[in-house]
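Asker: Dropping the sequence and predicted coords here.
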Amino acid sequence: MLREADLVAAEDTRHTRKLLTHYEIHTPVTSFHQHSSPGQTEKLLSTILTGKNIALISDAGTPAISDPGQTLIKACIDQGIEVDPLPGPCAAITALSASGFPLASFTFKGFLPRKGTDKAVSTLAAVEHPVVLYESPRRISALLSTLNKHMPQREIMLARELTKLHQQLLRGKPGDLLAIVETGNLERGEYTVVLGPGQGKVAPGESDVLTLAEKFLREDMSVRDAAERISGETGLPRREVYQLLIKKKDT
């Protein structure tokens, strides 16, 4: 398809040109990435409308799956232009296939929000099926710390630099993986994080909450922090847990 296309729209033209050169493909290349202007989308759309075929590729994944491409694809659909998907590398699917977790269903979350990560992770604590996340090397330690806070017993697979030269798969619980990443100088390379199945928690009663609270408070954890931890492990609203703990403390 790269050979037959009239133009290749690439996330990173430097990498793409190496690929094309290796296979002696002489198709022209243009840039299309997450910072491309709406004008670039219009330019590519106009090219297609003249009868040309464009091959859209991303640097190391599948276009539109946490990679550039969605705006162009949507523009083509709106114009009635055929979009023909071809299989290629996708970090989420590649990691899941090697995880060993049951995959009758799974949730793909991509990159979690930079603000509110703690809340986003806490909502995943009770999810029963595997969850796939993406994370940058600069933030992988922070993510593992948050995972360790809300789901310390969750089995996780970290996939670093998938399908690339320095690919590495790491398995274990959040705390163990955090130590490996930090001591092994592995805070580089894009990460795909696969959370194993959750416990499928039944809504806990008051006695269950208080039992957990006693455990955390013995660890010199504040009431507020204990409430947040219990909320993450049980799925109960943090405010509800906090009010219960305060009530029991006053009595």
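Answerer: Structure received. On a predicted model such as this, the values are computed, not experimentally measured, just so you know.
Asker: How is this structure divided into domains?
Answerer: In terms of domains, the chain is parsed into 7-78, 98-195, 206-250 (source: automatic domain parsing).
Asker: Show the low-confidence segments of this protein, by residue range.
Answerer: When residues are selected by pLDDT under 70, those of the chain lie in 187-188, 199-205, 250-251.
Asker: Could I get the contacting residues of the closest residue to residue 195 other than its chain neighbours?
Answerer: Nearest residue to residue 195, sequence neighbours excluded (C-beta to C-beta, 6 or more residues apart in numbering): residue 131, at 4.3 Å. (Glycine included, C-beta is placed from N, CA and C.) Residues in contact with residue 131, defined by C-beta atoms under 8 Å, 6 or more residues apart in numbering, are 106-109, 124, 194-195.
Asker: Looking at the domains of the chain, which is nearest to residue 84?
Answerer: Residue 84 lies closest to domain 7-78 among these, at 9.1 Å (C-beta to C-beta).
Asker: so what's the residue nearest to residue 195 bridging to?
Answerer: Residues in a beta bridge with residue 131, per DSSP bridges, are residue 107, residue 195.
Asker: Go through the stretch of helix or strand residue 143 belongs to and flag the buried ones.
Answerer: Per DSSP states H and E, residue 143 falls inside helix 140-150. Neighbour-count burial for helix 140-150, counted by 16 or more other C-beta atoms under 10 Å, picks out 140-141, 143-144, 146-150.
Asker: picking that back up, pipe the domains of the chain into CSV and attach distance to residue 85 per row.
Answerer: Below are those laid out as CSV (distance: least, C-beta to C-beta, whole Å):
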stretch, distance to residue 85
domain 7-78, 9
domain 98-195, 17
domain 206-250, 36
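Asker: I'd like to know which of those domains is closest to residue 90.
Answerer: domain 7-78 (4.3 Å).
Asker: can you give me how far that closest one is from the chain middle?
Answerer: Its chain's C-alpha centre and that of domain 7-78 lie 23 Å apart, by C-alpha atoms, centre = their mean, to the nearest Å.
Asker: and the residue nearest to residue 136 when sequence neighbours are not counted, how many neighbours does it have?
Answerer: The shortest distance from residue 136 to any non-neighbouring residue, by C-beta to C-beta, 6+ apart, is to residue 190 (6.7 Å). Residue crowding around residue 190 was assessed by other C-beta atoms under 10 Å; the count is 18.
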